[in-house]
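Visitor: Next come a sequence and a model predicted from it.
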Amino acid sequence: MKIFTDYHGGFGPGKCLACGKQSPLIASILGACVDCIRERPEEVLPHIRKMQAETRLEFNLPTKPPDDPQGVHCPLCANECRIPEGQRGFCGLRENRGGKLIHLAGTAKKGILHWYYDPLPTNCVADWVCPGHTRYGYKNLAVFYGACSLNCLFCQNWHYRQMSPEGKGMSAQELADKADARTYCVCYFGGDPSPQMPHALATSRLLAQRGVRICWETNGTMHPKLLEKAVQLSLETGGCIKFDLKAYNESLHLALTGVSNKRTLENFARAARHIPERPEPPLVVASTLLVPGYVDVKEVSEIASFIASLDPAIPYALLGFHPHFYMPDLPRTSVRHANAAEAAARAAGLTNVRIGNRHLLSRAY
């Protein structure tokens, strides 16, 4: 894994290949500053797509969502893969065998995941607005799924890529049986639950019968029909769905994750329509990782304006970035950056904004 090794080197200024600017806030893997990504995407995105592809190859994953007109269609997420014969979809869990879509994992019979108990209160993105933060002595069933529909270059949980769909896995029933009388809630994350929604939904139906609250932490790329089922389960059980809104500008989202954010924004708006059905505790929660140099005050302001247009009371968490994966040459989010982002979110109309992961913040810029 040569690229992976190379990008875990030293810290120093990166350079924008388009405008020539040098700055510690330019990631070497991108080779582009945020201004050029937003304003000159036709110049910088071809290079970034190439780098995105190479990071996928290191983990034997398809370099982009396959789009073969003769391929088998997988509708489970926004990538809408059309998989050629003998190949796999972007998430690595679906394969075209003889013209049929084969699910290697992500079904009710088999999910690729790790699970563990997380004692409450925990460091959940929604902890400050969730009743769970008062449930001392109870626990969360944390479900870490081993696949994703995006390719975030800053992924904090990139180890999911080392989980093989050929592994034994766990059925929905087996996972649900891990809940006991002290299990207050379940939260699906990863990776992301989107590529394994059939498994997560089947598990959730079983857990709901046991009185467990159903929560999701997701990039929001699942098919809208699957989203609706997830929202209903959270509504009925007192849980929530937490959307990670990584960027508002589509070019920036493509640069950072390799995939458009259109489905994510559409699904966020779709979920927000259900808020009047249960105003408390909050049904929909948003978060954004403050990636230095890229997810700046302008980006947060636009995300916050979008959220506020749906419901200004939606809780919004701003999270500190830690140098990781293919972006280790960026600094940690600065206190100045976080405070300015919080002020921008409130100025955009949001009434419930919080800076999370404060222990990660720095004075680097």
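Guide: Cool, the structure landed. Numbers count the residues shown, from 1 in each chain.

Visitor: mind checking how far the residue nearest to C155 when sequence neighbours are not counted is from V125?
Guide: Residue nearest to C155 in three dimensions, not counting chain neighbours: F325, with 4.8 Å by Cβ to Cβ, 6 or more residues apart in numbering. All C-beta atoms are positioned from the backbone trio N, CA, C, and that covers glycine. Separation of F325 from V125 (Cβ to Cβ, to the nearest Å): 19 Å.

Visitor: again with Q156
Guide: In terms of Cβ to Cβ, Q156 sits 12 Å off from V125.

Visitor: surely Y116 meets A142?
Guide: Yes: at 5.3 Å, Y116 and A142 qualify as touching, with contact defined as Cβ atoms under 8 Å.

Visitor: For the two, work out which one has more neighbours and name it.
Guide: Between Y116 and A142, counted using other Cβ atoms under 10 Å, A142 has the larger neighbour count: 19 against 11.

Visitor: What segments of the protein are helices?
Guide: Using DSSP state H, the helices of the chain run over 2-6, 34-39, 41-57, 172-176, 197-208, 224-237, 250-257, 262-272, 297-310, 335-347.

Visitor: What mean pLDDT does the first one get?
Guide: By that I understand helix 2-6. When pLDDT is averaged along helix 2-6, the result is 48.

Visitor: Repeat that for the second one.
Guide: This predicted structure assigns helix 34-39 an average pLDDT of 98.

Visitor: Return, as residue ranges, the portions of the protein with sub-threshold pLDDT.
Guide: Residues of the chain meeting the criterion pLDDT under 70: 1-12.

Visitor: Find the centremost residue of it, please.
Guide: The centroid of the chain falls nearest to N219 when counting by Cα atoms, centre = their mean (3.6 Å).

Visitor: Could you pull up the contacting residues of that one?
Guide: C148, S149, L150, D192, S194, F243, D244, K246, T257, T264 (Cβ atoms under 8 Å, 6 or more residues apart in numbering).

Visitor: Return the closest of those with respect to L310.
Guide: Nearest to L310 among the contacts of N219 is F243, at 11.2 Å by Cβ to Cβ.

Visitor: How many neighbouring residues does the closest one have?
Guide: F243: 24 neighbours (other Cβ under 10 Å).

Visitor: Thought T288 was touching it, still the case?
Guide: No: using Cβ under 8 Å as the test, F243 is too far from T288 to be in contact (9.6 Å).

Visitor: Which pair of the contacts of N219 spans the longest distance?
Guide: Farthest apart among the contacts of N219 by Cβ to Cβ are C148 and F243. That separation is 14.7 Å.

Visitor: Need the phi and psi values for the residue of the chain most remote from its centre.
Guide: Most distant from the centre of the chain: G98, at 32.3 Å, with distances by Cα atoms, centre = their mean. Here is the backbone geometry of G98 (degrees, to the nearest 10): phi 60, psi 30.

Visitor: contacting residues around it?
Guide: Contacts for G98 (Cβ under 8 Å, 6+ apart) come out as E85.

Visitor: Can you list phi and psi of the residue nearest to the centre of the chain for me?
Guide: According to degrees, to the nearest 10, N219 has phi -80, psi 0.

Visitor: Could you check how far it is from A255?
Guide: 15 Å.

Visitor: Ok, A344 next?
Guide: 21 Å.

Visitor: Pick out whichever of these two has more residues nearby.
Guide: Neighbour tally, A344 and A255, criterion other Cβ under 10 Å: the higher count belongs to A255, 28 against 22.

Visitor: Might one say that the more buried one is in contact with G31?
Guide: No: the criterion here is Cβ under 8 Å, and A255 misses it with G31 at 10.1 Å.

Visitor: Quickly list what's touching both of these two.
Guide: V44, I48.

Visitor: Roughly how far does the nearest residue to T264 once chain neighbours are set aside sit from R346?
Guide: Spatially, and ignoring its direct neighbours in sequence, T264 is nearest to G220 (4.0 Å; Cβ to Cβ, 6+ apart). Distance, G220 to R346, using Cβ to Cβ: 23 Å.

Visitor: Comparing those two, which shows the higher neighbour count?
Guide: Using other Cβ under 10 Å as the criterion, G220 and R346 rank with G220 on top: 27 against 16.

Visitor: F268 is in contact with the more buried one, correct?
Guide: Yes: G220 is within contact range of F268, at 5.8 Å (criterion: Cβ under 8 Å).

Visitor: list the residues that contact both of these two?
Guide: Residues touching both G220 and F268 by Cβ under 8 Å, 6+ apart: F243, L245.

Visitor: quick one, strands of the stretch 51-200 of the chain?
Guide: Using DSSP state E, counting those that start in this stretch, the strands of the stretch 51-200 of the chain run over 72-73, 82-83, 94-97, 100-103, 113-119, 139-145, 183-190.

Visitor: As TSV, these with distance to P292 would be great.
Guide: Output for the strands of the stretch 51-200 of the chain, formatted as TSV (distance: least, Cβ to Cβ, whole Å):
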stretch	distance to P292
strand 72-73	39
strand 82-83	36
strand 94-97	35
strand 100-103	39
strand 113-119	28
strand 139-145	26
strand 183-190	23
